[in-house]
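**Q** Give me a model of this one.
(chains A, B, C and D)
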Protein chains: 4
Amino acid sequence: MNQFSKEYLVVAQNASGRNMNVPLYRFKGNQPGPKVYMQSSIHGAEVQGNVVIYHLIQLLKNIDICGEITLVPNCNPVGTNIKAGEYTLGRFDPINGTNWNRGYYFDHNLVTEFVDTVTDDESLASIKSRFRQAIKHKIDEKLTDTWGLGLAQQLNLKLQQLAFDADIVIDLHNGPVSTRHIYVPEYAKASASLFNIPHVILIPNKFAGALDEATFCHWWSLQDLLTEKRTCEVNFAVEAFTLEMGSQEVISFDEGLYDAQSIMAYLNAKGSLQKADYKPKDMTRVAVTLNNYKILYTHQGGIVDYLAKPGELIKQGELLAKVLNVDELDNSRATETIFAPCDLIPILHFPSASVLSGTQLYKCFTHYFQLT
Amino acid sequence: MNQFSKEYLVVAQNASGRNMNVPLYRFKGNQPGPKVYMQSSIHGAEVQGNVVIYHLIQLLKNIDICGEITLVPNCNPVGTNIKAGEYTLGRFDPINGTNWNRGYYFDHNLVTEFVDTVTDDESLASIKSRFRQAIKHKIDEKLTDTWGLGLAQQLNLKLQQLAFDADIVIDLHNGPVSTRHIYVPEYAKASASLFNIPHVILIPNKFAGALDEATFCHWWSLQDLLTEKRTCEVNFAVEAFTLEMGSQEVISFDEGLYDAQSIMAYLNAKGSLQKADYKPKDMTRVAVTLNNYKILYTHQGGIVDYLAKPGELIKQGELLAKVLNVDELDNSRATETIFAPCDLIPILHFPSASVLSGTQLYKCFTHYFQLT
Amino acid sequence: MNQFSKEYLVVAQNASGRNMNVPLYRFKGNQPGPKVYMQSSIHGAEVQGNVVIYHLIQLLKNIDICGEITLVPNCNPVGTNIKAGEYTLGRFDPINGTNWNRGYYFDHNLVTEFVDTVTDDESLASIKSRFRQAIKHKIDEKLTDTWGLGLAQQLNLKLQQLAFDADIVIDLHNGPVSTRHIYVPEYAKASASLFNIPHVILIPNKFAGALDEATFCHWWSLQDLLTEKRTCEVNFAVEAFTLEMGSQEVISFDEGLYDAQSIMAYLNAKGSLQKADYKPKDMTRVAVTLNNYKILYTHQGGIVDYLAKPGELIKQGELLAKVLNVDELDNSRATETIFAPCDLIPILHFPSASVLSGTQLYKCFTHYFQLT
Amino acid sequence: MNQFSKEYLVVAQNASGRNMNVPLYRFKGNQPGPKVYMQSSIHGAEVQGNVVIYHLIQLLKNIDICGEITLVPNCNPVGTNIKAGEYTLGRFDPINGTNWNRGYYFDHNLVTEFVDTVTDDESLASIKSRFRQAIKHKIDEKLTDTWGLGLAQQLNLKLQQLAFDADIVIDLHNGPVSTRHIYVPEYAKASASLFNIPHVILIPNKFAGALDEATFCHWWSLQDLLTEKRTCEVNFAVEAFTLEMGSQEVISFDEGLYDAQSIMAYLNAKGSLQKADYKPKDMTRVAVTLNNYKILYTHQGGIVDYLAKPGELIKQGELLAKVLNVDELDNSRATETIFAPCDLIPILHFPSASVLSGTQLYKCFTHYFQLT
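**A** Numbering: from 1, shown residues only, chains lettered A, B, ... in the order given. From the prediction side, this is the model:
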């Protein structure tokens, strides 16, 4: 059977001077296999991932695994607890506006320097192990700097220390009002079809601060440089994904079971599970490249009826939303209509009817295509 | 035809020193009839009422009215514009926590004093007119006090100056995640069945700061005292209601039309409309007295799946909600269940899955009964 | 020597489902004497009281006391940890606007009922003891209600359970930008001169939700009713105060020592200390009755230079503040001046230059007089 | 005499659908001279710059200028009006955490492409004029994009359209609790001594999103490329500065006059004023390069007494701050001390006593030197 352990990691101290910690649930199999790291709720209002991890733990109690699976629900105890009105202000530090998901570490220079230390006959296993040590050593240096480090970055780096040991990294998020969708690095595009998630965003080797990028940009860059150096394809088989499990501010135990089974299908395909039946569903998966995942901003302030629902196919010129203008209720400017600038699928929309000008109204798939 | 006019009322200045104003839309009929005052969005996130007023204006353009109808959408330009994260922090002043709907004026002493000025042969019309002047004079004194007045109270009193002229006052609100429901003063219980609203709360002659109370408590108290003084039933036919048009943070033009037609049915029954067809629907209306409209608070913090939906009939002991506990995912304390303490109808629930202990989880009808 | 103990009281659970607790520091003397209860930071941004308690603990380590002294710093772990921008949003629950200092319990009816149970020959000690039990029993009932209780009220009542055992209750607060001042119940006016605090507000027997009132209103009402019943003066010698130790958002260890010595002078006068030298300072103390402690609200929005400093004597017509109007910088309306409507002492002012209309600009002593 | 004009620029719409605008005050001289652009309060809580502009307008009414001076106080009407508690949450958009001062435009590629269009004999005046057009055209394209633009970026770009016409750009800010200091591009180091500001930060040609950078990075890059191309020093004499006029959340008319005179001294030296006496003061000015302007973060949460005051010279190992730990008041861990890691001058510190771990406690000059 699997070994199971639970521990707590201190990631911050609050203004009362008290430790804030994060629970780590860990399963170790009696067979070798990939190391998996999964976390949820780095954004405090995105809570469905905690339910998914709950279901995964119930499923993993009854199945033998290969390798190791570490599950870190509620990984941002600061963000989870920032209420502003009835909702959770969990996307950024209320003190300085820092997004809780932008302080992970990536440095391309360090990868370049590391490649110089690789000899021609060094095994991939040895490279992988040394690279992990190098990155984790660098993160450690940052965490112990004399002048200290900002709260969000401290939190991110402490989690990255754990995550960088893994071969598979899954970061569970939610959109505002949203369909289920997944961010997949282009080199791991084949894995997109192993999850039961209908909408897929393919992302390039470009670091913007998130955990998935901080994981795959390191390995992708290393692979590219070594492939060039050795003039043969090098592959470390490390994959990292951000999964958006529907809308923020709500949980559903029923939907969480579906989400957990989807992840089990992926893990099974990757050799994490022993004698398991989990398989990806036969379903339509629609994808875009990141540059075609477009934000539609409002030109006006007002009150919005979101007529196009997340996941719907919308043709160019069709109605997306209708905006009420309270100062013009007696004339033809009472409502304004917003149309689709091209064929698109709205993936998520702003969660409040009240918007200022310059609000992210919809994020949309454009020039999308079916995965096969 | 009706006369139509539009003007703006300055209710505050912002920190840039600029006026913040409220639009007033006014229809005057060519026949005598009741004066109607209606406002929406005194709580900034409760925006559906603006859509209802939009539809009412379209309907009133095409129908002759009796008396006068004043419509004040977006009546709190301060509250509408307080964003905290993506949502609108519109229930209270972010500076001091003052609920935007608790600063209206009522003073029972003033009613008592006024009754002493009524002679035995004064007509109801004269009493009504003098009482209006007396209350409005008092509000005016407060608004012009040397030491000034708090922002919420200023806003409330400026609106009350308008509303106190009316025979019918309708304040449009929304609940968090909510069914449609209406607050009706006990003495106007018969009017509850004139709206197409399934859930009715009957409230006593007790002032707690809201506009409907600030209206009907004055007239109710006056009626009671005069009835006693004259030993015959006195009735000023002034009615005031708070309508909760579903959930906050969303609007729907389609549902707004239903809501507007419901209000037109009431207005038609009260003689506001000429030759109109609007009639209340034949539907089940369930009511409670205010003391049986109960709040269920959480005993624990955690993440909640709201299983009982607003409007459902729930039996004592049935499941209301399930709470996830992220620190106990590996054992039997992973989830906690919350059961109905008695037979009830959940009318609204908290709009976020993340709750602290002491959160208003549900508001429920208990000991409810059908209106006939 | 004194016995010392430390324990923790759980007062809430956060959205991660974790307990939030409050530290209790308790000194018990080897001689009988009054029970003292002191708390600080019920409003999260008002932190100087924690420093005062720090100094008191250092002082009490080296002096023998009579009776018992319970010190509860940081008594609101929820409020302490609500940041909104760089400041602490600690005056009210960010979810619903509830002031953290308005949910204590007082019920005059219960006092009346209790008086009926007092026999003519019951001793004051017995009455005191039974009254404490009755009130604490009632609070207990509220805390264990099936439908639960709001967070602020739960917190308040758990603290009141501790405080109601005491003969002396001291609640440590801060103003926004403020001088040191103290709220004293009128019947304990003589005690005002035992603290080294220059500004004194004398408050009547009227409950508005705060801890000092929830303490002295109970005892004051009981005293009054028993005095009437027994036709001789009854005095339970219970006193309760709110001390405002300067401005919020800052601490000073130096000033905290002064504050601690001031409290020690009071405690010494009340018989809490053995062989101690602490004496009240010979200083001017200025007092007002609560109805003469006036709030000056802004009529306009804008940016304010607070020219009158807290504690200064200002004559009628003298300049208090100057408001900048950014839209009129080229003409005579560029600045607006606010003058004192009567002779006054500003005690505190709003802590930000940016104000809306209806902002509490200053709170002022008017018709003040010197205590002798 | 100067020509004076005032107009308003619409920069956003609020959730009520109403325009939010910014006042522009403009003086045009009857002599040629530099174009000056100055704005204040892009961060809503940083309000002293508005007072500085008030004083500048009074001074400019009475003096003839050369060229043109445009003054834009209160340039962020959104940020100015976001209250969270009593303070102004003006550093970032409360919806998404975007810093209001990070969305200006700079693109090095565009500079490179532009240089290719410059012929060997094109005059500097012509280059300057064409470059302005090119940048402003690009900004215009962004502002009119079909998919729209975020609110902060819209605001920033609309202001940059105005600012990019100028030869001198001054952006008025405040620190949290702060001395007066100024950011100066290294190439304009000589100008640092023309202001009466004691602390100077010298910044490199690196864009991080602010207005001063968005100005000088364009011109600096162009100068460098043209100097290389023409093999002779090219200088467009465009300078841009961020001035930090003390602490946020307060204004002082007295200090504002000092600040205005300081800016007049600089403008006089740059040829903006006719026959004016304004001269820089003879005073000590201390400078650092940006990489030596260090942030000291907290390792712990707690309540802080800021003992080192902004502007003081602190030696390595001297006391900076003392942190209270409410859970350890009875033992030696009651307070923790924070020492200077090297010789430094604290320039600003966090404005609240209550801090979490990872808070920016102080920003400090290290390895500083005197400007001569």
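
**Q** Kindly tell me how buried A:Pro204 is, as a neighbour count.
**A** 13 (other C-beta atoms under 10 Å in any protein chain shown). Quick note: C-beta positions are derived from backbone N, CA and C, even for glycine.

**Q** who touches it in this structure?
**A** Residues near A:Pro204 by C-beta atoms under 8 Å, 6 or more residues apart in numbering or on different chains: A:Glu186, A:Thr289, A:Leu290.

**Q** same check, this time on A:Leu324
**A** Neighbour list for A:Leu324: A:Gly302, A:Ile303, A:Val304, A:Asp305, A:Ala334, A:Thr335, B:Asn50, B:Val51, B:Tyr54, B:Ile251 [criterion: C-beta under 8 Å, 6+ apart].

**Q** domain assignment for chain A?
**A** Annotated domains of chain A cover A:3-283, A:292-370 [automatic domain parsing].

**Q** May I see these arranged in TSV, with mean pLDDT and distance to D:Asn30 as well?
**A** Shown next, in TSV, are the domains of chain A (pLDDT from 0 to 100; distance: least, C-beta to C-beta, whole Å):
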stretch	mean pLDDT	distance to D:Asn30
domain A:3-283	97	45
domain A:292-370	98	39
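
**Q** Could you work out the end-to-end span of stretch A:325-345 for me?
**A** Taking C-alpha to C-alpha, to the nearest Å, stretch A:325-345 runs 26 Å from one end to the other.

**Q** Now that stretch: buried residues?
**A** Applying a neighbour-count criterion of 16 or more other C-beta atoms under 10 Å in any protein chain shown, one finds A:325-330, A:334-336, A:338, A:340-341, A:343-345 buried in stretch A:325-345.

**Q** what's the closest of those to A:Leu222?
**A** Among the buried residues of stretch A:325-345, A:Ile345 lies closest to A:Leu222 (C-beta to C-beta), at 34.4 Å.

**Q** Confirm that closest one sits in a helix?
**A** No. Going by DSSP: H, G, I helix; E, B strand; the rest coil, the assignment for A:Ile345 is strand, not a helix.

**Q** Help me confirm that it comes into contact with A:His367.
**A** No. A:Ile345 lies out of contact with A:His367 (C-beta atoms under 8 Å); the separation is 10.7 Å.

**Q** What segments of the stretch 151-300 of chain A are helices?
**A** Ranges of helices within the stretch 151-300 of chain A are A:151-163, A:211-230, A:253-269, based on DSSP state H, counting those that start in this stretch.

**Q** For the longest one, which residues meet the burial criterion?
**A** By neighbour count on 16+ other C-beta under 10 Å, the buried set for helix A:211-230 is A:211-223, A:225-226.

**Q** ok, those vs C:Val238, which is closest?
**A** Among the buried residues of helix A:211-230, A:Leu211 lies closest to C:Val238 (C-beta to C-beta), at 57.4 Å.

**Q** What sits closest to the closest one if chain neighbours are left out?
**A** Leaving out its chain neighbours, the residue that sits closest to A:Leu211 by C-beta to C-beta, 6 or more residues apart in numbering or on different chains is A:Asp171, at 4.7 Å.

**Q** Contacts only, for the one you found.
**A** A:Met38, A:Gln39, A:Ser40, A:Ile42, A:Ala210, A:Leu211, A:Asp212, A:Ala240, A:Phe241, A:Thr242, A:Leu243.

**Q** A:Phe350 too?
**A** Contact analysis of A:Phe350 by C-beta under 8 Å, 6+ apart lists A:Pro176, A:Val177, A:Val304, A:Tyr306, A:Thr359, A:Gln360, A:Leu361, A:Tyr362, B:Glu86.

**Q** and with 10 Å instead?
**A** A:176-177, A:296, A:298, A:304, A:306, A:321, A:359-363, B:86-87, D:95 (C-beta atoms under 10 Å, 6 or more residues apart in numbering or on different chains).

**Q** Spell out which residues of chain A are next to chain C.
**A** Listed as neighbours of chain C in chain A under the rule C-beta under 10 Å from any C-beta of the partner chain: A:14-18, A:20-23, A:41, A:44, A:47, A:50, A:73-74, A:76-90, A:93-97.

**Q** Which ones among those also lie next to chain D?
**A** Residues of those in contact with chain D (C-beta under 10 Å from any C-beta): A:14-18, A:20, A:78, A:84, A:89, A:93-97.

**Q** Let me have these in CSV, extended by secondary structure and neighbour count.
**A** Shown next, in CSV, are those (DSSP: H, G, I helix; E, B strand; the rest coil; neighbours: other C-beta atoms under 10 Å in any protein chain shown):
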residue, secondary structure, neighbour count
A:Asn14, coil, 23
A:Ala15, coil, 28
A:Ser16, coil, 27
A:Gly17, coil, 24
A:Arg18, coil, 21
A:Met20, strand, 22
A:Val78, helix, 25
A:Ala84, strand, 23
A:Leu89, coil, 26
A:Asp93, coil, 25
A:Pro94, coil, 27
A:Ile95, coil, 24
A:Asn96, coil, 18
A:Gly97, coil, 21
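
**Q** what's the closest of those residues to chain D?
**A** A:Gly97 (3.3 Å; C-beta to the nearest C-beta).

**Q** Any residues of the stretch 151-300 of chain A in contact with chain B? List them.
**A** With C-beta under 10 Å from any C-beta as the criterion, the stretch 151-300 of chain A comes near chain B at residues A:Pro176, A:Val177, A:Gln248, A:Glu249, A:Val250, A:Ile251, A:Ser252, A:Phe253, A:Asp254, A:Glu255, A:Gly256.

**Q** The last one and A:Pro73 touch, don't they?
**A** No. With contact taken as C-beta atoms under 10 Å, A:Gly256 and A:Pro73 are classed as non-touching, separated by 11.4 Å.

**Q** Looking at those two, which has the bigger crowd around it?
**A** Shown here are A:Gly256 and A:Pro73; by other C-beta under 10 Å, A:Pro73 has more neighbours (28 against 23).

**Q** Phi first, then psi, for the more buried one.
**A** Main-chain torsions, A:Pro73, degrees, to the nearest 10: phi -70, psi 160.

**Q** dump the residue contacts of it.
**A** A:22-25, A:38-41, A:47, A:49-54, A:56-57, A:172, B:303, B:324, B:326-327, B:329, C:16.

**Q** Just checking stretch A:147-158 against chain D, any contact.
**A** Yes. Using C-beta under 10 Å from any C-beta, stretch A:147-158 reaches chain D at A:Trp147, A:Gly148, A:Leu149, A:Gly150, A:Leu151, A:Ala152, A:Gln153, A:Gln154, A:Leu155.

**Q** Give me the distance from that stretch to the chain's centre.
**A** Its chain's C-alpha centre and that of stretch A:147-158 lie 19 Å apart, by C-alpha atoms, centre = their mean, to the nearest Å.

**Q** next one: stretch A:282-295
**A** Its chain's C-alpha centre and that of stretch A:282-295 lie 15 Å apart, by C-alpha atoms, centre = their mean.

**Q** Is that stretch positioned near chain D?
**A** Yes. Applying C-beta under 10 Å from any C-beta, one finds stretch A:282-295 in contact with chain D at A:Lys294, A:Ile295.

**Q** For the stretch 1-150 of chain A, which residue gets nearest to chain B?
**A** A:Ala84 (3.6 Å).

**Q** One more: the stretch 251-372 of chain A?
**A** A:Val326 (4.1 Å).
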